[in-house]
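Enquirer: For reference, the sequence and a predicted model appear below.
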Amino acid sequence: MAQSSPHELTRLLADWSGGDQAALDKLAPLVQAELHRLAHHYMSRERPGHTLQTTALVNEAYLRLVGQDISWQSRAHFFGIAAKLMRQILVDYARRRNYAKRGANARQVSLDEVALVAQERGAEMLALDEALSGLAVISPEQSQIVELKFFGGLTIEETAEVMGLSVDKVKRDWSMAKTWLYHEIKAAE
């Protein structure tokens, strides 16, 4: 990310939420590299030959972020929403592709298979999205940890920093979330 502190980003986000367009102009280059890194990580988990490109994912997410009527609370809030939007863009893309190719017969898979299998990423993304949506109802914090760590490619330490949590708490919640998601996906099979 460009040379800027989390406090500077938070200030610019707050100014932008207050209607300051100049803050958005200053913010865009500061978040561009991080959004691109998030998108690259998401795309690295997609099937080979995916027609959606990293830059297109960044652009679509950025347009949706700019279009949000949100009072941004912090850098963590912004990147949490960005990660969720990128996941949703890919899920929507997978749904359109899956419906077009196979109808509504998406196959349920385990979390481990999602990370390893490269051939049918669309169906796997849908299964994981469904389980992750269930987790978000029970534990929004754990759901956000999964989005930032698994989808966003952040380390435990980076996730803790972005969310303002201790490293130990993120480790515990990451472990619990993985277990819960695994059981949910298995139960749905």
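Expert: Cool, the structure landed.
Enquirer: For the protein, which helix extends over the most residues?
Expert: helix 75-102 (DSSP state H).
Enquirer: gap between the most centrally placed residue in the chain and Met43?
Expert: Nearest residue to the geometric centre of the chain (Cα atoms, centre = their mean): Ala83, 2.6 Å. Using Cβ to Cβ, to the nearest Å, one obtains 13 Å as the distance from Ala83 to Met43. For the C-beta atoms, the positions are set from N, CA and C on the backbone; glycine is no exception.
Enquirer: With Asp20 instead?
Expert: 32 Å.
Enquirer: on that earlier part again, now do the longest helix of the chain: which elements does it pack against?
Expert: Packing partners of helix 75-102 (3 or more Cβ pairs under 8 Å, 6 or more residues apart in numbering; DSSP states H and E): helix 6-17, helix 21-44, helix 54-67, helix 121-138, helix 140-146, helix 156-163.
Enquirer: for that helix, which positions count as buried?
Expert: Buried residues in helix 75-102, counted by 16 or more other Cβ atoms under 10 Å: 75-87, 89-91, 93-95, 97-98.
Enquirer: Glu141 touches Asp173, doesn't it?
Expert: Yes - taking contacts as Cβ atoms under 8 Å, Glu141 lies within contact range of Asp173: 6.4 Å.
Enquirer: higher neighbour count, those two?
Expert: Neighbours were counted for Glu141 and for Asp173 using other Cβ atoms under 10 Å; Asp173 has more, 22 against 14.
Enquirer: OK, contacts around the more buried one?
Expert: By Cβ atoms under 8 Å, 6 or more residues apart in numbering, Asp173 lies in contact with 139, 141-142, 145, 165.
Enquirer: same deal with Ala28?
Expert: Here Ala28 is in contact with Tyr62 (criterion: Cβ under 8 Å, 6+ apart).
Enquirer: change the start of the numbering to 96 and stick with it
Expert: Sure, I'll start counting at 96 from here, so that last one is Ala123.
Enquirer: low pLDDT regions in this structure?
Expert: In the predicted model, the chain carries pLDDT under 70 at residues 96-99, 140-146, 192-218.
Enquirer: if we go to 50?
Expert: Residues of the chain meeting the criterion pLDDT under 50: 96-97, 197-199, 201, 209-214.
Enquirer: Can you convert the helices and strands packed on helix 170-197 into TSV and add a column each for distance to His278?
Expert: Formatted as TSV, the helices and strands packed on helix 170-197 follow (distance: least, Cβ to Cβ, whole Å):
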stretch	distance to His278
helix 101-112	35
helix 116-139	24
helix 149-162	30
helix 216-233	9
helix 235-241	13
helix 251-258	22
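Enquirer: tell me the most buried of the ones you listed?
Expert: Highest mean neighbour count of the helices and strands packed on helix 170-197: helix 235-241, a mean of 22 (counted as mean count of other Cβ atoms under 10 Å).
Enquirer: starting at the chain centroid, how far to it?
Expert: 10 Å (Cα atoms, centre = their mean, to the nearest Å).
Enquirer: try stretch 182-190
Expert: 11 Å.
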